[in-house]
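Trainee: Need a 3D model of the sequence below.
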Amino acid sequence: MSKITVTTIAGQTSGSDANLVKIESGDTLQALSNATVGGTLGVTGASTLTGNVGIGNARTEGTLHIHTGSAGTVSASTQADDLVVENSVETGITIISPDDQSARIRFTSPSTNTDVGGATIFYRQNINKMNVGTAVAGGVLDLLSGAGVSAINADANGRVTMPGQPNFLARPNANDTVAAGGSKIAHDEAIHNIGNHYDTSNQRFTAPVAGIYYLEHIIVMTGGNAGILEAKIYVNGAERSRSYHRYDGNQDSDRTSRFIQLSAGDYAEPYCHWSSSNLNTLNAGSTAMMITSFSGYLMQ
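Mentor: Sure, this is the predicted structure:
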């Protein structure tokens, strides 16, 4: 096998081979220093490039750096610099396939070296279907927000949880007396309080984001006098939900619940109305067996 080192281009001036440097089968073309192509470079067949490559500019990032324009002072992470695409304006990579064929990015390792790999991003136009997920037993899909916080988690059995979704359950930490008229019920013990949006000091749940919330207030009275018992929920100091129950003097309960649209910063409080002029006992129950409670969570 021979080696051809090209220093100048000379030779034919006409014909099909004019201005061509031809490397015959078995020969090698070697650029001993930097090589610059001023026009279009067409390569037919397999080619091996040893070292890092820059397209559009001298390579400055990773193994293959496709550079259309400078994005500014920024460097690619060494954890993900095998392919770096850079531009000074909107930047993107497009995968184009026929309508009846699939386009995908597949993630594979030696232990998942199968036709489906370990995980896939998949799209197919003629069935209007996109898949994003794992392809191995025990695979977990996790959507992050903020600084790497798990927002939505799907386990290997398809069960979906939202670990940061606001959710609370509170109760009075002791029995209390209920006087005639309306009063706030002191749910001053939080059984759970995901996100810490319920304040046990003032019995307020404050919505962290705008959305539809499910709120529920259950009250239980025991013994004493007969009368009208009403469980209520107030939002920003105004009544938004109530129920009506005629209490006969034995232990009985009342419950109100609603889907309520709240804006960020709105607050909900548990109230009770009791019609009798005599005092009755509010039964708090226990942490293990709650009777009277105030609870809620973000639906959407």
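Trainee: so how far is stretch 227-237 from its chain's centroid?
Mentor: 36 Å (Cα atoms, centre = their mean, to the nearest Å).
Trainee: List the buried residues for it?
Mentor: 227, 229-235 (16 or more other Cβ atoms under 10 Å). Where C-beta positions appear, they are placed from N, C-alpha and C, glycine not excepted.
Trainee: In JSON lines: those residues, plus secondary structure, pLDDT and distance to Leu143.
Mentor: Output for the buried residues of stretch 227-237, formatted as JSON lines (DSSP: H, G, I helix; E, B strand; the rest coil; pLDDT from 0 to 100; distance: Cβ to Cβ, whole Å):
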{"residue": "Gly227", "secondary structure": "strand", "pLDDT": "80", "distance to Leu143": "51"}
{"residue": "Leu229", "secondary structure": "strand", "pLDDT": "84", "distance to Leu143": "44"}
{"residue": "Glu230", "secondary structure": "strand", "pLDDT": "87", "distance to Leu143": "42"}
{"residue": "Ala231", "secondary structure": "strand", "pLDDT": "91", "distance to Leu143": "37"}
{"residue": "Lys232", "secondary structure": "strand", "pLDDT": "93", "distance to Leu143": "37"}
{"residue": "Ile233", "secondary structure": "strand", "pLDDT": "96", "distance to Leu143": "32"}
{"residue": "Tyr234", "secondary structure": "strand", "pLDDT": "97", "distance to Leu143": "35"}
{"residue": "Val235", "secondary structure": "strand", "pLDDT": "98", "distance to Leu143": "30"}
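Trainee: between the residues you listed, which is nearest Ile218?
Mentor: Comparing those against Ile218 with Cβ to Cβ places Ala231 closest, at 6.7 Å.
Trainee: Surely that closest one and Val220 touch.
Mentor: No: using Cβ atoms under 8 Å, Ala231 is not in contact with Val220, being 9.8 Å away.
Trainee: Quick check: mean pLDDT of stretch 274-290?
Mentor: Throughout stretch 274-290, pLDDT has a mean value of 69.
Trainee: swap in stretch 120-134?
Mentor: Here the average pLDDT along stretch 120-134 is 92.
Trainee: list the buried ones in it?
Mentor: 120, 123-124, 134.
Trainee: Among the residues you listed, which are located in strands?
Mentor: Among the buried residues of stretch 120-134, the members found in strands (DSSP state E) are 120, 123-124, 134.
Trainee: Confirm that Ser111 sits in a strand.
Mentor: No: the assignment for Ser111, made by DSSP: H, G, I helix; E, B strand; the rest coil, is helix rather than a strand.
Trainee: Next, Ser295: secondary structure please.
Mentor: Assignment for Ser295 (three-state DSSP): strand.
Trainee: before we move on, back to that, can you tell me which of the buried residues of stretch 120-134 is nearest Ile260?
Mentor: Nearest member of the buried residues of stretch 120-134 to Ile260, counting by Cβ to Cβ, is Thr134, at 37.2 Å.
Trainee: got the contact list for that closest one?
Mentor: 118-119, 140-141, 156 (Cβ atoms under 8 Å, 6 or more residues apart in numbering).
Trainee: picking that back up, include distance to Gly62 when you put the buried residues of stretch 120-134 into CSV, please.
Mentor: Below are the buried residues of stretch 120-134 laid out as CSV (distance: Cβ to Cβ, whole Å):
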residue, distance to Gly62
Thr120, 24
Tyr123, 26
Arg124, 30
Thr134, 27
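Trainee: Looking at the residues you listed, spot the one nearest Gln101.
Mentor: Using Cβ to Cβ, the buried residues of stretch 120-134 come closest to Gln101 at Arg124, 7.3 Å.
Trainee: what pairs with that closest one across the strands?
Mentor: Ser102, Lys129 (DSSP bridges).
Trainee: Against Ile228, how distant is His67?
Mentor: Per Cβ to Cβ, to the nearest Å, His67 is found 77 Å from Ile228.
Trainee: what's the most distant pair in the ones in strands among the buried residues of stretch 120-134?
Mentor: So, those by Cβ to Cβ: farthest apart are Arg124 and Thr134, at 18.7 Å.
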